[in-house]
Structure formats: C-alpha cells, structure tokens
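Chemist: compute the structure for the input listed below.
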Amino acid sequence: MQRLFEGHRLTPTQRRIAHSMVRRAGDAPFLSSVELAELAGVSQPSVTRFAVALGFDGYPALRRHLREVAPAETAPGAEDAYNEYQQAVRAEIENLQHLTELLADPGPVERAGQLLAGSRPLPVLGLRAASSQARGFGYFAAKVHPDVRVLDEGGSALLDRIDAVRRAGATALMCFALPRHPREVVDGLAYAQEQGLTVVSVADSAFAPVAKHSDLLIPAAVGTGLAFDTACAPMLLGRVLLEAMCDALPDAQARLEEFDARAAARGLFVE
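Modeler: This is a model prediction of the structure:
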C-alpha cells in the first residue's frame, strides 16, 4: 500500500488519508469513503479527491484495486518491520544517498560556489516552505561573505528588493525552491534573470517549476512520507554550497577566526 502512494504529490489532507490507510492496512480495502473520512478526520469529498489524485476514477475504483492486491500486501516483507515514522526516516536516508551519488561530480557545486562568492551583495531567496532554508543559508553565509541579503518575504516588495540588490552590484542570486512551489518565486526568478542576475537554485527536482528560470539548478529530493515534506537533503546541499563558497572566498578563514575571537570576547556562547 505504501508503494501505491509513492510518486504522487499529495496535499497534507491527502497524506492524512494515506497514513490512516497504512495504519489500518488490513481494513482499508473494506472501508467505505465515509468510514475512511471519519478514520482520517477529513471530509468525504476529500477521500474522493484523494482517490482521483492517485489516478483512479473515484474511491470505489481505489477500493477495488486494494481488494485485488490485498493478498500480495499481506505477504511479509522487509518493510513490514518498520512503522510509518521509521519509513519516513528511511526515505530520507535514500534521498541523502541519491545526493551522495549526485555529488560524485563536484563541478556544478564548485561553479555555484564561485558564482555566489563573487556576488556583492549576495541575495538568497526562499519563500514559504523554503524560507527556513534561505534563512539558515544566509545566517552561515554572513559569517564569511561581506554582504548577504535574505529575501524570505514575497508580495509586491520582492521585485523591489531584487532591483535593490542588482543596483548594489549583485551578479548572482541563490534560490531555495521547495514544494508546493509559490508562483511568486517563479516570477521573481524570471525577473531576476531579466535584470542580469545569474540564478543558482536548489530544488526538489531537476524538473521543478523554477528550472526554466535557473542558470544552474542542483536537485535534492524532499521526503513525502509524512503530512508535511521533510527537507534533509536540500538543507545538506545548502551546507555543501556554503563549503564551496568558502573555498572560493580567499578571506573566508580569516573572517571565521575573527568571528570566533569576537564571540569569545563577548561570551556569546555557553560552552
């Protein structure tokens, strides 16, 4: 049953339904749409939309499919030993393994590091789900880069802020783009390219909506096994890009040592 849901972009509500079905795998093929809705704590129309999202004509077709494959589902397998939370962790481990394979060619990351290091200032864009990625990247980047500006708020002011960094001399823009992809991120990247900025993106897929407006896109998959996406691989890729940027900044180590000295003098951290 878990395999049935993989590969589909489900909303948080639809994931609640999927998780309820996994928890009650033995009963799921025999539940009515109303019973499943009550089990998941959602509306009955949400169950119908869930079935359609999986490629079925409606919930009855999904239930027939589950009844047909039920004997195979009952066969013991390696995944049976893991609950849904463990399976989500295992999926993230697989995402990190894929990222490991991708980084076997360090060329794209090294090129990204040079582009980011050379931009003064360096704008870092991330909205909604990706805002925490942008802020985390910006926090560490500011320790070695002389001028980092995090763009984590959308709306009409976003293009104004892109204009401002371009006028200040920016040559590149770092973007974190995670699902569900806000339209204003795509529009913002298109505008950034029009203004002459080179766009470096970390996205959940090479075919993400931002790909069309990215000069260099490095993919890192997100986990979809829980109600809300998990982004371990994109976060780690962001740290890898920080490392590459440090390698391209000749005074990065000196800036880090200066920060450490000031932090110690101020008693900034409890150790």
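
Chemist: tell me where this structure has helices.
Modeler: Secondary structure of the chain, counting by DSSP state H: helices at 2-5, 12-23, 33-40, 44-53, 59-73, 84-102, 107-117, 131-141, 157-167, 183-194, 232-248, 252-266.

Chemist: worst mean pLDDT among these?
Modeler: Across the helices of the chain, the stretch with the lowest average pLDDT is helix 2-5; it has a mean of 70.

Chemist: still on that earlier bit, and the helices of the chain: which comes nearest Val200?
Modeler: Counting by Cβ to Cβ, Val200 lies closest to helix 107-117 out of the helices of the chain; the figure is 4.8 Å. Every C-beta, even on glycine, is put in place using the N, C-alpha and C of the backbone.

Chemist: still on that earlier bit, tabulate the helices of the chain (JSON lines), appending distance to Ser205 and mean neighbour count.
Modeler: Output for the helices of the chain, formatted as JSON lines (distance: least, Cβ to Cβ, whole Å; neighbours: other Cβ atoms under 10 Å):
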{"stretch": "helix 2-5", "distance to Ser205": "18", "mean neighbour count": "16"}
{"stretch": "helix 12-23", "distance to Ser205": "18", "mean neighbour count": "19"}
{"stretch": "helix 33-40", "distance to Ser205": "28", "mean neighbour count": "18"}
{"stretch": "helix 44-53", "distance to Ser205": "18", "mean neighbour count": "18"}
{"stretch": "helix 59-73", "distance to Ser205": "26", "mean neighbour count": "15"}
{"stretch": "helix 84-102", "distance to Ser205": "11", "mean neighbour count": "14"}
{"stretch": "helix 107-117", "distance to Ser205": "15", "mean neighbour count": "19"}
{"stretch": "helix 131-141", "distance to Ser205": "15", "mean neighbour count": "19"}
{"stretch": "helix 157-167", "distance to Ser205": "23", "mean neighbour count": "16"}
{"stretch": "helix 183-194", "distance to Ser205": "14", "mean neighbour count": "18"}
{"stretch": "helix 232-248", "distance to Ser205": "11", "mean neighbour count": "20"}
{"stretch": "helix 252-266", "distance to Ser205": "31", "mean neighbour count": "12"}
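
Chemist: including distance to Leu217, could the ones you listed go into JSON lines?
Modeler: As requested, the helices of the chain are arranged in JSON lines below (distance: least, Cβ to Cβ, whole Å):
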{"stretch": "helix 2-5", "distance to Leu217": "27"}
{"stretch": "helix 12-23", "distance to Leu217": "26"}
{"stretch": "helix 33-40", "distance to Leu217": "36"}
{"stretch": "helix 44-53", "distance to Leu217": "26"}
{"stretch": "helix 59-73", "distance to Leu217": "35"}
{"stretch": "helix 84-102", "distance to Leu217": "12"}
{"stretch": "helix 107-117", "distance to Leu217": "9"}
{"stretch": "helix 131-141", "distance to Leu217": "15"}
{"stretch": "helix 157-167", "distance to Leu217": "18"}
{"stretch": "helix 183-194", "distance to Leu217": "10"}
{"stretch": "helix 232-248", "distance to Leu217": "11"}
{"stretch": "helix 252-266", "distance to Leu217": "25"}
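
Chemist: the ones you listed: which one's closest to Asp147?
Modeler: Put simply, out of the helices of the chain the one that sits nearest Asp147 is helix 157-167, at 9.0 Å, with distance taken as Cβ to Cβ.

Chemist: I'd like to check the angle between the closest one and helix 183-194, please.
Modeler: 20 degrees (axes from the mean of the first three to the mean of the last three Cα atoms, to 10 degrees).

Chemist: what's helix 157-167 packed up against?
Modeler: Of the remaining helices and strands, those touching helix 157-167 by 3 or more Cβ pairs under 8 Å, 6 or more residues apart in numbering; DSSP states H and E are strand 122-125, strand 148-151, helix 183-194.
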